[in-house]
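Novice: Would you be able to build a 3D model of this:
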Amino acid sequence: MSASILIDGNGRFEGYASLFGKIDQGGDVVMPGAFANSLKKRPASQIRMLFQHDSKEPIGRWLEVRETEIGLKVRGELTATVPRSDALAALIEHGSLDGLSIGFRTIKAARSQAAKPRRLLEVDLWEISIVTFPMLASARIQPPKLARQLRRASQLFASNI
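Specialist: As a prediction, the model looks like this:
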């Protein structure tokens, strides 16, 4: 895979910041619909794009944040001429950095047994960060072609259930 297709010349990129039904390193599983109420209250323009969850490091803006059948699909744009953003664009283009991570407050969660993962049923989404090490390993900036392939695979899986 050519890393240069992860970000375009205007600093725009896309990917999945969260995937439904996957256990993260903290033992949480985001369930379908968990972001719905939050996204009704807070559109993409009000969700902050940060570097490493640092509120002193805004790096761009989210153009689109929405739930799909796979998870939380995002499309964003780094702010040109901001030194950190320029550096991140180069790292993303090189394929050296591609992690995404969500910053949220838990509204509703459930756990069937103490040893089982916590299921996040509703969260209040505040920010999405570009990170070196995402809590959910598969939360990544992706080439648009790969995102389309994931969507098609998920649709095929759903139609066979």
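Novice: For this protein, just list every one of the helices.
Specialist: For the chain, the helices defined by DSSP state H occupy 36-41, 83-94, 144-159.
Novice: Return the member of those having the minimum mean pLDDT.
Specialist: Lowest mean pLDDT within the helices of the chain: helix 144-159, at a mean of 56.
Novice: quick one: low-confidence ranges for the protein?
Specialist: Across the chain, the ranges flagged by pLDDT under 70 are 1-4, 145-161.
Novice: For it, which segments count as strands?
Specialist: Along the chain, the segments classed as strands by DSSP state E run 12-19, 28-30, 48-51, 54-67, 71-78, 99-110, 118-131, 141-142.
Novice: Just put these in JSON lines and tack on distance to Ser38 and mean neighbour count.
Specialist: Using the backbone N, CA and C atoms, a C-beta is placed for each residue, glycine as well. Below are the strands of the chain laid out as JSON lines (distance: least, C-beta to C-beta, whole Å; neighbours: other C-beta atoms under 10 Å):
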{"stretch": "strand 12-19", "distance to Ser38": "12", "mean neighbour count": "24"}
{"stretch": "strand 28-30", "distance to Ser38": "12", "mean neighbour count": "22"}
{"stretch": "strand 48-51", "distance to Ser38": "13", "mean neighbour count": "21"}
{"stretch": "strand 54-67", "distance to Ser38": "9", "mean neighbour count": "16"}
{"stretch": "strand 71-78", "distance to Ser38": "10", "mean neighbour count": "22"}
{"stretch": "strand 99-110", "distance to Ser38": "8", "mean neighbour count": "17"}
{"stretch": "strand 118-131", "distance to Ser38": "5", "mean neighbour count": "20"}
{"stretch": "strand 141-142", "distance to Ser38": "22", "mean neighbour count": "22"}
